[in-house]
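# sequence plus the predicted model coming up.
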Amino acid sequence: MDLVAVIRHKVLTEGVPLREVSRELGLSRNTVRRYARAKSIAGPQVVRDARVAPVRDAVRVEAEALWKDRRSFTAGKQRLTAERLTELLRERGHEASARTVRRLVADLRRGEREVTVPLVHPPGELAQVDFFEVWVELAGVRTKAWMFLMRLLHSRRDFTMLCAHQDTTWFLAAHVAAFAHFAGVLAAVAYDNLTAAVAKVLLGQPRLLRPRFAHLVAHYAFEARFCRPGEGHDKGSVERRGGNLRLQHMVPLPAGDTLAAISAALQRRIDEAFLRRAEDVVAWERERRALRPLSTEVFDPAEVRLVTLRHHASLMLQGASYSVPSRWCGGEMEVRIGPETVVFARGKDDEVTHPRMPFGGRSVDYRHLLQPLSIKPQALRQVAHELVAQFGAPWPALWAALRTRHSPDEIEAARRLAPWLRDADKEGMARTATRIAHALATEQLLPESHAPRLPSASLVVPAALRGYEVETSDLARYDALCAVARVA
């Protein structure tokens, strides 16, 4: 009140200008003007002593103790609520209304509220990475995919890649594609604790990284930073951007024949939208110059395994089955599991490539199984339709002709098909296909190497036996004879 009196006396009585009074007293001119022009001055306020409330104070002390100790008897989404805290207080002999406890809980939560700090991101310093679940129309089928997003925090430029799986192989492949897209490497990249990168989160110690992710970090020489477990807002920029991209660029659902084609079209749309923001384009020019150059050696994201085949000419990998050449059984081979292909190699020049299949999928190349199928007619009968469809013309025509000739005995048709598989294994698919076409044209459906041998023309038949003709035996007809006997 003394200061108010001084201000009013100088201005109203002495006529000192507001600017001079403001400078002299170190106050804002607005403050001096407000007090000088006030029509009335509030008198001194009466301050009452706080009411003594021993019951409420006891409730507060007990509630604060329970709140601080709640981590010991809660976990995950089983949190302590105000309603449950009221019941716990009553169990301990403290009578408090639900409204009072709600106010106490609000005060306690307000005291624990985290204060955010505005950060500054120099060019080329930091990017944030995350995966987002999305849906696409893949070859006309609605399919779930995972969108990898890397966001540069200085220029706010984005790179996206649609992945079939949220595993380490796709995660590493997306990093390789992102750095190639930006034509440089950031100083640091921030992640949450996703399993593709982190094997284990240790208390008070650095995280235990996946060996292949650690190899990627060492190859590109950037710093991997990780957020606190369960705190998604530690990298809020990429979290918000991922949600925005789904709404802005993925409605209606993006469609295409392959995931790579859909991903490329999505990235083009994102880049076109980025180039329309002039301020961000200028920031990108600064950031582009600050990026570290890429290594001349391209990082291989494939997972490498050494496996030993026993008696199966197929191998289960991540829940999918792949065929390998039957001659490899009993030996070791190298398996390289990439994002889109699986390569089996035995030595430097002998390798087989399959498309990577989803869990429960199956990729069989029947050229790998020619030898075992040629001696197993029952197994050949089971897979014949799929085999001839895979081999293409003229194999379907041969199988149809054999089935027609030996109907209804399909096992006999499989026996007649087996020699052709044996020839294909020895002489090659192209040469065998030519011979099959000739056999179909001449209706000689057995390979020459397996055709029954006719008696030599030079064989002299005694005169006493010339009137007899003995049919050549064919044990392959035995099953058909048994089938007829069973029907009869």
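Arrived safely, thanks for sending. Remember, it's a predicted structure, so these values are computed and weren't measured experimentally.
# can we go C-alpha only for contacts and neighbour counts from here?
Will do.
# buried sites along the strand or helix carrying L266?
Per DSSP states H and E, L266 falls inside helix 259-275. For helix 259-275, the buried set under the neighbour-count rule, 16 or more other CA atoms under 10 Å, comprises 259, 262-263, 266-267, 270, 274.
# quick check, central residue of this protein?
Central residue of the chain (CA atoms, centre = their mean): Q166, 1.9 Å from the mean position.
# residues touching that one, list them.
131, 146, 196 (CA atoms under 8 Å, 6 or more residues apart in numbering).
# give me the nearest residue to the last one, chain neighbours excluded.
Beyond its immediate neighbours in the sequence, the residue positioned closest to A196 (CA to CA, 6 or more residues apart in numbering) is T168, lying 4.4 Å away.
# ok, that neighbour touching F213?
Yes. The pair T168 / F213 is scored as a contact, 7.5 Å apart, by CA atoms under 8 Å.
# give me the common contacts of the two.
With CA under 8 Å, 6+ apart as the test, T168 and F213 both reach 196-197.
# which elements pack onto the helix holding L266?
strand 158-163, helix 236-249, helix 278-290 (3 or more CA pairs under 8 Å, 6 or more residues apart in numbering; DSSP states H and E).
# the closest residue to L209 other than its chain neighbours: how many residues sit nearby?
In this structure, L209 finds its nearest non-sequential neighbour in V198, 4.5 Å apart by CA to CA, 6+ apart. The number of residues packed near V198 is 19, by other CA atoms under 10 Å.
# what's V198 sitting at in phi/psi?
phi -110, psi 120 (degrees, to the nearest 10).
# return the residues in contact with it.
So V198 contacts 207-210 (CA under 8 Å, 6+ apart).
# pop the domain breakdown of the protein in here.
2-37, 85-115, 126-290, 303-364, 372-450 (automatic domain parsing).
# can I get those domains in JSON lines with mean pLDDT and distance to T74?
Formatted as JSON lines, the domains of the chain follow (pLDDT from 0 to 100; distance: least, CA to CA, whole Å):
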{"stretch": "domain 2-37", "mean pLDDT": "86", "distance to T74": "52"}
{"stretch": "domain 85-115", "mean pLDDT": "88", "distance to T74": "12"}
{"stretch": "domain 126-290", "mean pLDDT": "90", "distance to T74": "15"}
{"stretch": "domain 303-364", "mean pLDDT": "88", "distance to T74": "36"}
{"stretch": "domain 372-450", "mean pLDDT": "88", "distance to T74": "57"}
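# picking that back up, now the helices and strands packed on helix 259-275 as a markdown table including mean neighbour count and distance to A5?
What follows is those, written out as a markdown table (neighbours: other CA atoms under 10 Å; distance: least, CA to CA, whole Å):
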| stretch | mean neighbour count | distance to A5 |
| --- | --- | --- |
| strand 158-163 | 25 | 62 |
| helix 236-249 | 16 | 52 |
| helix 278-290 | 16 | 53 |
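# need these in CSV (columns: distance to V343).
Shown next, in CSV, are the helices and strands packed on helix 259-275 (distance: least, CA to CA, whole Å):
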stretch, distance to V343
strand 158-163, 19
helix 236-249, 33
helix 278-290, 36
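# which among these is found nearest to R356?
strand 158-163 (12.4 Å; CA to CA).
# partner strands of the closest one and their direction?
strand 141-152 (antiparallel) (DSSP bridges).
# okay, the angle between the partner strand and helix 259-275?
40 degrees (axes from the mean of the first three to the mean of the last three CA atoms, to 10 degrees).
# mind putting the domains of the chain into TSV with distance to E469?
Output for those, formatted as TSV (distance: least, CA to CA, whole Å):
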stretch	distance to E469
domain 2-37	132
domain 85-115	104
domain 126-290	63
domain 303-364	44
domain 372-450	23
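# compare the ones you listed and give me the one nearest R51.
domain 85-115 (16.1 Å).
# of all the contacts of Q166, which comes closest to H312?
A196 (30.9 Å).
# from L172, how far off is the closest one?
With distances taken as CA to CA, to the nearest Å, A196 is found 9 Å from L172.
# for A214, same thing?
Distance from A214 to L172, by CA to CA: 10 Å.
# between those two, which has more neighbouring residues?
Higher neighbour count among A214 and L172: L172, with 24 against 14, using other CA under 10 Å.
# that older thread, of all the helices and strands packed on helix 259-275, which one is nearest H311?
When the helices and strands packed on helix 259-275 are ranked by proximity to H311 (CA to CA), strand 158-163 comes first, at 34.2 Å.
# show me what the closest one is in contact with.
145-152, 170, 174, 178, 181, 259-260, 262-264, 266-267, 270-271.
# the residue nearest to A196: how many residues sit nearby?
T168 has 21 nearby residues by other CA under 10 Å.
# ok, now which ones touch it?
T168 touches 195-197, 212-213, counting by CA under 8 Å, 6+ apart.
# which of those sits closest to P462?
Relative to P462, and with distances defined as CA to CA, the nearest of the contacts of T168 is R212, at 81.7 Å.
# gap between the closest one and E303?
In terms of CA to CA, R212 sits 8 Å off from E303.
# more crowded one of these two?
The residue with more neighbours, out of R212 and E303, is R212; 17 against 14, by other CA under 10 Å.
# which secondary structure element is home to that one?
Going by DSSP H and E, R212 is part of helix 211-220.
# would you turn the buried residues of helix 259-275 into TSV with distance to Q318?
Shown next, in TSV, are the buried residues of helix 259-275 (distance: CA to CA, whole Å):
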residue	distance to Q318
L259	20
I262	25
S263	24
L266	29
Q267	29
I270	33
F274	38
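# got the contact list for E95?
Contacts of E95 by CA under 8 Å, 6+ apart are 59, 89.
# may I have the phi/psi pair for it?
Torsion angles, degrees, to the nearest 10, at E95: phi -90, psi 120.
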